[in-house]
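Peer 1: this one's structure only:
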RNA sequence: ACUGCAAACCGAGCUAUCGUCCCGGUAAAACGGGGAGGAAAGUCCGGACAGUACAGGGCAAUGCACCGGUGAAGAGCCGGGUGAUGAAGCAAUUCGUCAACAGAAAGUGCCACAGAAAAUAACCGCCCUGCCACAAGCGGGGUAAGGGUGAAAAUGUGAGGUAAGAGCUCACAGUUAAAAAUGGCAACAUUUUUUCCGGGUAAACCUUGCGUGCUGAAAUGCCACAUAUACCAUCUUUUGAGAACGGCCCGUUCCAGCCUGUUCUUUUAGAGCAGGGGGAUGGAGGGUAGGCAGAUGGAUUCUGCAGUGCAAAUUGCAGAACAGAUAAAUGAUAGCUGCAUCUUUAUGAUGUUACAGAAUCCGGCUUACAGGUUUGCAGAUUUU
RNA sequence: AAGCCUGUAGCCCAACGGAAGAGGCAAUAGUUUUAGAAACUAUUAAGUGUGUGUUCGAAUCACACCAGGCUUA
């Protein structure tokens, strides 16, 4: 009985995930070019979403990638590399799980967007808080580029 | 058994789903394998490696400083010596801890306050003596035995000696340097002889000895893209000036010594003048910032056995392990076991937490560290 | 990653190895004023980032840590 219960739960979970199948985060979906990042900070628009500051800019390019994003944490509030790595991983994970809606919207309009998140909070967050704030930021972006 | 300190070691494990970096695999997938530490940290030492056109020498700069061993090397490690210091002991001695541990007798500087005086010591005192009838007073000289100081006062004690004194002389003790003998590879120790006794400071300048060329993976090489053989200043272009040798000098080596016109000598060619062009250095800018190599497996680390050595370490054999990103992978969620805390003692609840994240690579050092294990030392109590 | 610099009252800063430390702003109290500001007078506030050493003596010299800042293209 006990094992059976868990087996069912597990299979349900996997089915839900496989239907979407888009929770990927490959090398191509990250913003890596130094040139593009500098242009984004210089010319792009930005807004604050609680503990996150978001830079965003449409770009022209031949590659067919609707969304590229990067994450940064300043050394002012987090002196230890461990903490900075932790925050970057949490934001990246939250974005990975929630970006699909925006991605498909952009793909439908044939637009390409650069994004950069900067963590501006002063304390080490937990995953739930980061997830919530990232979702809010992504919703705001959907309204802008509708 | 408990507490504290120190040292060494460990730094939870397994499973599932999603995701990620590298390698293999594939036409593309699927799939398989690997993916953070003892300090990855601080950047404090030492190397490897790369560039700089390394002949060689000197100066400057900079580092080190008892001896031997170890190792690629070191300001590391191991062993020893000397000195200081703590504990135990009647003592001999034993057991620890620490040391930038060459030179102050090459020279220069500094030594506040106090004190006569702080380094060529005469302020008081003591002694001799001149002026003077004597005293007092003034002057000349000798003298470091005595003088409330100070961190430090001119080796200490005793005797002789003297006008008074003085290592002036002697004895003992201490101390500097040298020689010899014995022990030791050596530092050094012990003994004997001669000699010195002229404060401290070299983590003040410095002297002596030894070592080091400088720069640093954003090094460097190649490919691609882009641009500007541009601009300004100085120097130079026929014999005495320039450049390189990554501070300077000697020295060595290298480059340039071109073109046009004109004048003179005149076969070529050479010299002078003018102009052009070239070169070097500096200034101020412009472009690119993509890819590949460097780049991860080598003085490698660990384990076992055997050998050498007091030890650090090392030799042989066997086995195992070793990430490779570049706005930068190593993450998220769930469950089980283990562990900790609380309440209850079938169990339940909460937490899984320390210091901390590779960035060219190695060897050390230093610092941080929840909890656990082991060893050593100290403490007080309990039991036998 | 590589390399360099700085820590002194609440703040800004000075001090040749020598009384344990100078100023300015601020603070507190007083004078002045009906009250306040300004001005004037007085007072308080450091033991020199931490530790160890060298020295008779350390803010100063040396070493090791801690904290903060800067440079590179």
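Peer 2: Alright, I've got the coordinates. These numbers come from a predicted model, not from an experiment.
Peer 1: Please count neighbours and contacts with C-alpha atoms only from this point.
Peer 2: OK.
Peer 1: so what's residue A:135 closest to, chain neighbours aside?
Peer 2: residue A:98 (6.7 Å; Cα to Cα, 6 or more residues apart in numbering).
Peer 1: Next one, pLDDT for residue A:122 please.
Peer 2: Per-residue confidence (pLDDT) for residue A:122: 75.
Peer 1: Phi first, then psi, for it.
Peer 2: phi -110, psi -10 (degrees, to the nearest 10).
Peer 1: and what of the one 10 residues further on?
Peer 2: When quoted as degrees, to the nearest 10, the phi and psi of residue A:132 stand at phi -60, psi -50.
Peer 1: Ok, residue A:58 next?
Peer 2: Residue torsions, per degrees, to the nearest 10, at residue A:58 are phi -80, psi 150.
Peer 1: can you pull the contacts of it?
Peer 2: Contacts for residue A:58 (Cα atoms under 8 Å, 6 or more residues apart in numbering) come out as A:111, A:112, A:113, A:114.
Peer 1: got a list of what residue A:33 touches?
Peer 2: Under the criterion of Cα under 8 Å, 6+ apart, residue A:33 has no contact partners.
Peer 1: how far away is it from RNA strand B?
Peer 2: As judged by Cα to the nearest atom of the strand, to the nearest Å, residue A:33 and RNA strand B stand 5 Å apart.
Peer 1: Tell me how many other residues surround the closest residue to residue A:71 other than its chain neighbours.
Peer 2: Distances taken as Cα to Cα, 6+ apart place residue A:117 nearest to residue A:71, at 4.8 Å, with adjacent residues excluded. Using other Cα atoms under 10 Å, residue A:117 is surrounded by 23 other residues.
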